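>>> sequence plus the predicted model coming up.
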Amino acid sequence: MPHTLEQFAASCRQLLTAEPGPAGREKVRKLLEDLLRDKTFVDRYLSDATGEREILYQDPEMGFCILAHHYKGAKNSPPHDHGPSWAIYGQARGETVMTDYVMLEPAGPTKVGKVRPTKTYSLTPGIAHVYNEGDLHSPARADTTHLIRMEGVNMDTVKRFRFEAV
């Protein structure tokens, strides 16, 4: 049976209410992987017309967001965290090479933080990965990709600091 955005959001809300920490997010990650295998859902929310960042749903009570991303061509992002929040990246099409980092020096309002890479891995269609508060990572895309991504809060409202790999 095809999933709907509303069903997925309600299931996420239920899981995150029952277990608001990493254990609940891990259950949401598994649910997202199931959703990514639903071609009807993926085709409905991820097309060539999808922008780089489109909020599909923002929970009115908990604040978490479900987003669609369509990156055209190659695109790399610098190392970053999600401030006081978490994120789950779910690969729908294409491949994202993700690098995780350990912090060497914290960032601040006027200071770029220093990080060292620790692990590199690929997110391929159907794979989702949780990034908890403070987890540092950077995505690299060699070609066009589509993702469904979740944020614990709308990251457009969060001030984040910069990091550089050393």
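Yep, that arrived.
>>> keeping just the C-alphas, turn stretch 102-117 into PDB.
C-alpha atoms of stretch 102-117 as PDB (Å, rounded to 0.1, in the frame of the first residue of the first chain):
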ATOM      1  CA  VAL A 102      35.300  14.600  15.200                       C
ATOM      2  CA  MET A 103      35.600  18.200  16.700                       C
ATOM      3  CA  LEU A 104      39.100  19.400  17.500                       C
ATOM      4  CA  GLU A 105      38.200  23.000  18.300                       C
ATOM      5  CA  PRO A 106      34.700  24.200  18.900                       C
ATOM      6  CA  ALA A 107      33.200  27.000  16.700                       C
ATOM      7  CA  GLY A 108      31.800  30.200  17.900                       C
ATOM      8  CA  PRO A 109      30.200  33.400  16.700                       C
ATOM      9  CA  THR A 110      33.600  34.800  15.500                       C
ATOM     10  CA  LYS A 111      35.600  31.500  15.400                       C
ATOM     11  CA  VAL A 112      35.600  28.800  12.700                       C
ATOM     12  CA  GLY A 113      35.700  25.400  14.400                       C
ATOM     13  CA  LYS A 114      38.300  22.700  13.400                       C
ATOM     14  CA  VAL A 115      37.300  19.200  12.700                       C
ATOM     15  CA  ARG A 116      39.000  16.000  11.500                       C
ATOM     16  CA  PRO A 117      37.400  13.400   9.300                       C
END
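>>> contacts for it?
Stretch 102-117 has contacts (C-beta atoms under 8 Å, 6 or more residues apart in numbering) with 79, 99-101, 118, 134, 136, 161-166. Heads up, the C-betas are built off the backbone N, CA and C, glycines and all.
>>> residue at max distance from the center of this structure?
Distance from the C-alpha centroid of the chain, by C-alpha atoms, centre = their mean, peaks at Thr110 (26.2 Å).
>>> pLDDT score for that residue?
As predicted, Thr110 sits at a pLDDT of 95.
>>> next one: the one 5 residues further on
On pLDDT, Val115 comes in at 98.
>>> same thing with His3?
82.
>>> contacting residues for it?
Listed by C-beta under 8 Å, 6+ apart, the contact set of His3 reads 34-35, 38, 40-41.
>>> same thing but 10 Å
Contact analysis of His3 by C-beta atoms under 10 Å, 6 or more residues apart in numbering lists 11, 31, 34-38, 40-42, 44.
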